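J.: below are the sequence and a predicted model for it; my questions follow.
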Amino acid sequence: MKKPIVLFMSMIALILLTSCSNPEKDYGFQGMDSKAFFESITLPEKLSIDINLDEIRSIDEAKTYKAKHVEFDKETLINAFIRNSIVEEKNWAEGPQIIAYAHNIKEILSIYDGGKSFGTATGMKGGFAYLRVVDDTFWEKLDIVANVSFLELGFNEQHRRNSNYASYVDLEFLPYKDALADIRRILDIAGMPEFDVDETYSLDLRTMTSNYRLYLDNELAEDEKRNINWTKDDESYIFSLRQLVDNIPIVNKTWQKPDGAKASAWGNPMPSTNIRLIYDNTGIRQISAYNILNIVDEIENSNLINVFEALSVLIENYALTILEDDIRIISAELMFLSIPRDNTLELVPGWVFRSAKDREVDGIAFTQYKYDVVNAITGMLYPDRW
């Protein structure tokens, strides 16, 4: 019996020796850095990654939650925003509306209660809108020269590009940090949950004037907006804010969830939670908040895949098709995805990737974007469409 045992042990030693002399690379994603990641993948032709992956914030585990829309209190919101005498209150399908007047200034506060006060259910929940109108001019002047809604721009809207402005730069009427502190004070009074700044731009007179000239050269320029006088009083900060849960932002961009019935040709868009506002030398002049959530229950704590594993899932999806245009993956961030479940919403951690491609229509160059989401627990991809 000794010879078979010796032979067996010799074979084991040979296998161990061979494996040591010919090591194979371990491409496990845990503990990976960007150098090892790019060595482990093959990018499809025309796809590039314009992200410093080593700077992406990542966590090992996170909770999933059950949430419902916040029911903002009318009197609390009035106390936070309304400055003048209330002259009228109405009930619309989306909720109560309060109107205040003083001289040439009209204030309008709308509260989105899902139709509760009206008696007919609507989808407008968990939010409010406040607007201060001067001289009955209801269209937003700044919207000509900036993207105050923070929605994706069309190909002929170069005059509204926020990228033409600087961020976090002080304007003459009030330093940026003081404006943000005042916003936090007001939203705390309003009962807004924790939030952070997603995007902000300082609209200065020089750049507004330059963008306005681009607007006047646009064939879609409206006659009533061709003789606008821009002054220092028009300078403003614009903000896109986002709600935080456990210091993780809730996704504030519309994204596509493939499972479930497709509601339309636009697919199955999931709700986004967002806060957008304009702050000028009079304070918050305009704000809209939608789908603000309140945590009602903790579901479970789960281990998460990191950005490298999530990105590899997206790359594999891109590799399934022949890319006709150059596509750049330009951002990645861990966020909470808001998914409708019966009468509540489930907050699930996910990796949100933004891709961009440059296009040209009628001689006008512009950039088109889309958002792809990878469930950070299951690794399932929810791809968007161009």
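T.: It's in. Numbers count the residues shown, from 1 in each chain.
J.: the chain: helices as residue ranges?
T.: For the chain, applying DSSP state H gives helices covering 2-21, 34-40, 74-81, 176-190, 205-216, 307-318.
J.: which neighbouring elements make contact with the shortest one?
T.: Here helix 34-40 is seen to pack against helix 307-318 when contacts are counted using 3 or more C-beta pairs under 8 Å, 6 or more residues apart in numbering; DSSP states H and E. Heads up, the C-betas are built off the backbone N, CA and C, glycines and all.
J.: and for the last one?
T.: Using 3+ C-beta pairs under 8 Å, 6+ apart as the contact criterion, the secondary-structure elements in contact with helix 307-318 are helix 34-40, strand 47-49, strand 327-341, strand 344-361, strand 364-375, strand 381-382.
J.: thought Lys141 was touching Asp233?
T.: No. Here Lys141 lies out of contact with Asp233, judged by C-beta atoms under 8 Å, at a distance of 10.7 Å.
J.: higher neighbour count, the two?
T.: Neighbour tally, Lys141 and Asp233, criterion other C-beta atoms under 10 Å: the higher count belongs to Lys141, 17 against 11.
J.: pull the contacting residues for that one.
T.: By C-beta atoms under 8 Å, 6 or more residues apart in numbering, Lys141 lies in contact with 228, 234.
J.: Tyr237 versus that one, what's the distance?
T.: Applying C-beta to C-beta, to the nearest Å, the value for Lys141 to Tyr237 is 15 Å.
J.: then Leu216?
T.: From Leu216 to Tyr237 the distance is 25 Å (C-beta to C-beta).
J.: of the two, which one has the most company?
T.: Between Leu216 and Tyr237, Tyr237 has the larger neighbour count (other C-beta under 10 Å), namely 25 against 13.
J.: apart from its neighbours in sequence, what residue is nearest the more buried one?
T.: Ranked by C-beta to C-beta, 6 or more residues apart in numbering and with sequence neighbours excluded, the top spatial neighbour of Tyr237 is Tyr279, at 4.5 Å.
J.: again with Glu219
T.: The spatially closest residue to Glu219, leaving aside those adjacent along the chain, is Asn156, at 7.9 Å (C-beta to C-beta, 6+ apart).
J.: Gln158 now?
T.: Nearest non-adjacent residue to Gln158 (C-beta to C-beta, 6+ apart): Leu214, at 5.6 Å.
J.: mind pulling up the pLDDT for the one you found?
T.: We have a pLDDT of 95 for Leu214.
J.: so how far is Ala121 from it?
T.: 43 Å.
J.: looking at those two, which is more packed in?
T.: The residue with more neighbours, out of Leu214 and Ala121, is Leu214; 17 against 11, by other C-beta under 10 Å.
J.: Val134 pairs with what?
T.: With DSSP bridges as the criterion, Val134 is bridged to Ile105.
J.: pLDDT below threshold where in this structure?
T.: 1-28, 138, 258-266 (pLDDT under 70).
J.: try 50
T.: Low-confidence segments of the chain (pLDDT under 50): 1-27.
J.: quick check: phi and psi at the residue sitting nearest the centre point of it.
T.: Note on the chain: the residue nearest the mean C-alpha position is Asn252, at 3.3 Å, using C-alpha atoms, centre = their mean. Phi and psi for Asn252, reported as degrees, to the nearest 10, are phi -110, psi 20.
J.: just give me the neighbour total for Glu107.
T.: Neighbours around Glu107, by other C-beta under 10 Å: 22.
J.: isn't it right up against Ile82?
T.: Yes. Counting by C-beta under 8 Å, Glu107 touches Ile82, with 5.7 Å between them.
J.: which residues are in contact with both of those two?
T.: With C-beta under 8 Å, 6+ apart, Glu107 and Ile82 have common neighbours 98, 100.
J.: my read: Ala93 touches Gly115, true?
T.: Yes. Using C-beta under 8 Å, Ala93 makes contact with Gly115 at a distance of 5.7 Å.
J.: who has more neighbours, those two?
T.: Per other C-beta under 10 Å, whichever of Ala93 and Gly115 has more neighbours is Gly115, with 18 against 13.
J.: circling back to that earlier point, overlap in contacts, Ala93 and Gly115.
T.: Joint contacts of Ala93 and Gly115 (C-beta under 8 Å, 6+ apart) are 122, 124.
J.: domain ranges for the chain?
T.: As given by automatic domain parsing, the domain ranges for the chain are 28-64+298-382, 68-295.
J.: quick revisit: so can I have CSV of the helices of the chain showing distance to Arg161?
T.: Formatted as CSV, the helices of the chain follow (distance: least, C-beta to C-beta, whole Å):
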stretch, distance to Arg161
helix 2-21, 57
helix 34-40, 30
helix 74-81, 29
helix 176-190, 20
helix 205-216, 8
helix 307-318, 27
